[in-house]
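>>> Sequence and predicted structure, then a few things I'm wondering about:
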Amino acid sequence: MQGKVCLVTGATRGIGLATADALAARGATVLVHGRNGVLGQQVRDDLAARHPAASIELYIADLAVQAEVRRLADEVRANHNRLDVLVNNAGTFFMRRTTTADGIEATFQVNHLSYFQLTNELLSLITASAPARIINLASAAHERVTDPEDWESRKGYNGITAYSRSKLANVMFTYDLAHRIEGSGVTVNCVHPGRVKTRLLEAWFDRWWTRWAWPIAERFLITPEEGAEAVVHLATSPEVEGVTGKYFKQMRPSTSSLVSHDPVIGARLWNISLRMTGELPEITITGEIIAAP
C-alpha cells in the first residue's frame, strides 16, 4: 500500500480506527476523519508514533452537516491529486428520532447520505486514481427491513429500524454506484464486518429493559480489530481486485436481502439522495425522473 492514499471516515474509534491502523501498518498515506478535533489529534499522533513510515493526516468534519461533508471533500481534493481507497465507515445510532440542521432524520443522513454525498464529491478524484476501491460499511441488519422506503422514519420511529433502513440504503447505493461506474477501473463493495463490540452496538442495548443483556451479549462479539480485517481485505487484497458490486459478510461474498436488489426502489433512493443533498431539484409532477449517471 505504499504510495496509496486512503480516506477512512469515522476513524477515531472502533472499526474505523482499526482499519486506519492496519492501512498505516501497510505504509499507506491514511487520511483519518473524525468529528472531535481533540480526539482526532490524539488518534493521529498515536498512529504516527506507531507507524513512522506511514503518513497520517487528520480531517475534521461533522457528517451530519452537508456543508461540512462538502468541505471535507474540498480539503481532500486540495491536498491530494489521487485517492486510491475510500472507506465509508462512519455511523451513528439514535434511540429517539433526531433531525439534523439540514432538516433530515439524523440516522439516514449520517449513515447513508454522507456516504452518498462524500463519494460523489470525490468520485472524479477516485476515478482519476484507478484502479481504486470504495468500501461501504453495511450490516446484516438490513435484512430485517420491512418498510424500506420510509427512509426518514416518518411513520413512526424505532432506533433499530431506522439504523437497519440506513444499512439497506448502503447496500442499494453500493449496487447502483457499481453499475453507474462500471468500466471506470473503480470497484465498490459493501461489507457486514460481523457482530463487533463497538460503542454504536452498545447503544442498541441502552434501554432500561435491555441494559442487563449487554454484559452477556458482548461475550459473543468480535473485537474492532477482527471486524476491520474484512474491510482491509476489500481495501488491499489482490483476491478482490476487479470485484465490484458485491455484498460481503466478513471476507466472503454473500446474498443480501431480496428488496436490496429492487431496481425501482434503488432508482428512487438514488434520486431521493440527489434531492436531499441538493444535486437534483424537487419535482412537483407525479412519477420519478431517473437521473443520468
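Nice, thanks for sending it over. Residues are numbered from 1 along each chain as shown.
>>> any idea how far Ala228 is from Arg154?
35 Å (CB to CB, to the nearest Å). Where C-beta positions appear, they are placed from N, C-alpha and C, glycine not excepted.
>>> Neighbour count for those two, which is higher?
Using other CB atoms under 10 Å as the criterion, Arg154 and Ala228 rank with Ala228 on top: 27 against 9.
>>> With adjacent residues omitted, what lies nearest to the more buried one?
Ala18 (3.6 Å; CB to CB, 6 or more residues apart in numbering).
>>> From the chain's centroid, how far away is whichever strand or helix holds the one you found?
Per DSSP states H and E: Ala18 is located in helix 14-25. In this view, helix 14-25 has its centroid 14 Å away from the chain centroid, taken as CA atoms, centre = their mean, to the nearest Å.
>>> now swap in stretch 265-284 and tell me
On CA atoms, centre = their mean, the centre of stretch 265-284 falls 19 Å from that of its chain.
>>> C-alpha coordinates for it, PDB please?
C-alpha atoms of stretch 265-284 as PDB (Å, rounded to 0.1, in the frame of the first residue of the first chain):
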ATOM      1  CA  ILE A 265     -36.700   1.200  -5.100                       C
ATOM      2  CA  GLY A 266     -33.000   1.600  -5.900                       C
ATOM      3  CA  ALA A 267     -33.600   4.200  -8.600                       C
ATOM      4  CA  ARG A 268     -35.900   6.100  -6.300                       C
ATOM      5  CA  LEU A 269     -33.400   6.000  -3.500                       C
ATOM      6  CA  TRP A 270     -30.700   7.400  -5.800                       C
ATOM      7  CA  ASN A 271     -33.000  10.300  -6.800                       C
ATOM      8  CA  ILE A 272     -34.100  11.000  -3.200                       C
ATOM      9  CA  SER A 273     -30.500  11.100  -2.200                       C
ATOM     10  CA  LEU A 274     -29.700  13.600  -5.000                       C
ATOM     11  CA  ARG A 275     -32.600  15.800  -3.900                       C
ATOM     12  CA  MET A 276     -31.700  15.700  -0.200                       C
ATOM     13  CA  THR A 277     -28.100  16.600  -1.000                       C
ATOM     14  CA  GLY A 278     -29.100  19.400  -3.300                       C
ATOM     15  CA  GLU A 279     -28.000  17.800  -6.500                       C
ATOM     16  CA  LEU A 280     -31.500  17.400  -8.100                       C
ATOM     17  CA  PRO A 281     -34.300  19.900  -7.700                       C
ATOM     18  CA  GLU A 282     -37.600  18.800  -6.200                       C
ATOM     19  CA  ILE A 283     -40.200  17.700  -8.700                       C
ATOM     20  CA  THR A 284     -43.900  18.500  -8.500                       C
END
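>>> Name the residues of that stretch that come out as buried.
Gly266, Ala267, Arg268, Leu269, Trp270, Asn271, Ile272, Ser273, Leu274, Met276, Thr277 (16 or more other CB atoms under 10 Å).
>>> Of those residues, just say which sits nearest to Met95.
The nearest member of those to Met95, counting by CB to CB, is Met276 at 22.8 Å.
>>> Distance of the closest one relative to Pro52?
42 Å.
>>> ditto for Tyr163
38 Å.
>>> report the longest helix in the protein, please.
helix 159-180 (DSSP state H).
>>> which of the residues in it are buried?
Buried residues in helix 159-180 (16+ other CB under 10 Å): 159, 161-178.
>>> residue boundaries of the helices in this structure?
14-25, 37-50, 66-79, 106-108, 114-128, 159-180, 199-204, 214-217, 224-236, 263-276.
>>> Include pLDDT and distance to Gly183 when you put the buried residues of stretch 265-284 into CSV, please.
Compiled in CSV, the buried residues of stretch 265-284 are given as follows (pLDDT from 0 to 100; distance: CB to CB, whole Å):
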residue, pLDDT, distance to Gly183
Gly266, 95, 19
Ala267, 94, 20
Arg268, 94, 25
Leu269, 96, 23
Trp270, 95, 19
Asn271, 93, 23
Ile272, 94, 26
Ser273, 96, 23
Leu274, 94, 22
Met276, 95, 28
Thr277, 94, 25
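>>> I am finished for the moment; much appreciated.
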